[in-house]
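> Fold the following.
(2 chains)
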Amino acid sequence: MHEGLNPWTFVIAAYGLGLGGTFALVASSWIAMLRAEKRRDRSRDL
Amino acid sequence: MHGFANPARFLRLARWVAPLLLVGGAILTGAALAWGLFKGPADALQGETVRILYLHVPTAWLAMAGWMMIAGASFAELVWRHPLAGIAARAAAVPGAVFTAICLITGSLWGRPAWGTWWVWDGRLTSMLVLLFLYFSYVALANAADQDGQTDNRVPAIFGLVGAVNIPIIHYSVLWWNSLHQPPSITMGQSAMAPEFLVPLLVATLGFSLLFGAVVLARMRAILAQVQTEARLRRKAMAEGQG
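Numbering: from 1, shown residues only, chains lettered A, B, ... in the order given. Alright, predicted model coming up:
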């Protein structure tokens, strides 16, 4: 561990980026799925 | 396995498996990371930065597992022409790329306080960066192959198989070459880690894996829905053209 660096800065940055990236991936994939399935269901009525 | 290649059967299964994986993954990941961040002990050598382990290792595992899934699905597509294999490979590419990027970023954030540097061009870090570029290339190839509704996945499938060569290079890089990166702490049936680090790490790995599964299933459902919509619109346009 290198002196003079606050380890929590790196831990919080890693958790923020890691969890933020994972949440963005999950949310965007889920929303894309719901939209695609809604579009498919609407195309039945055309 | 061959039974699930039927898209209708797959959709029936995925409709209830995907939410289960999502909820289970969110609970396990949240619990393991909260424990790792607030309750877990600091390491004698690395201090508080060891908490990055609970993000870095699961994402590294999924970065490699994601490509192995692409390679397995590509093999199934080329050999058995499974209708869902190409869709499964395409669905795994973006989550694999995201977890590879998270692994590289968290590793860099861990390396600065632990090694004194953000980055070194050693075997492990470089081969992981190559994996990220392989994911980008696969996504570009799959999108190009899907242009104009003409789905021909042979080129991305061959690329998916060839790219799997990088996976053993990543795994053995710390043994083959000198590296700042530590060798594997967990091997088949053995661990050099104390249980207070190992248990939350395994729970986090399981949780992230379930989330990965949920994302892949969601993306497969989205691709299938898109294919069905386009086919339906094409049929309708042809029927109108004939009428």
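> Tell me which residues touch B:N153, please.
B:N153 is in contact with B:74, B:77, B:86, B:89-90, B:142, B:145, counting by Cβ atoms under 8 Å, 6 or more residues apart in numbering or on different chains. C-beta: built from backbone N, CA, C; applies to glycine.
> cutoff 7 Å now
Going by Cβ atoms under 7 Å, 6 or more residues apart in numbering or on different chains, B:N153 touches B:77, B:86, B:145.
> Which one of the residues you listed sits in the busiest neighbourhood?
The most crowded member of these, judged by other Cβ atoms under 10 Å in any protein chain shown, is B:G86 (26 neighbours).
> returning to that earlier point: next step: the contacts of B:N153 restricted to helices.
B:77, B:86, B:145 (DSSP state H).
> so who does the last one touch?
Taking Cβ under 7 Å, 6+ apart as the criterion, B:A145 is in contact with B:151-153, B:155-156.
> Which member of these is positioned nearest B:L129?
B:P156 (20.7 Å; Cβ to Cβ).
> For burial, what's the neighbour tally of residue 6?
Defaulting to chain A. Neighbours of A:N6 using other Cβ under 10 Å come to 10.
> You answered for a different chain; I wanted chain B.
14.
> wait, what's in contact with it?
If you count contacts by Cβ under 7 Å, 6+ apart, B:N6 has none.
> Quick check: which element contains B:M193?
B:M193 belongs to no helix or strand when elements are defined using DSSP states H and E.
> where exactly do the strands run in the chain?
Just going to use chain A. Assigned by DSSP state E, chain A shows no strands.
> should've been chain B
Along chain B, counting by DSSP E, strands occupy B:186-187, B:190-191.
> contacting residues around residue 43?
Looking at chain A here, since you left the chain open. A:S43 sits in contact with B:229, B:232-233, where contact means Cβ under 7 Å, 6+ apart.
> could you do chain B instead?
Shown in contact with B:D43 (Cβ under 7 Å, 6+ apart): B:V50.
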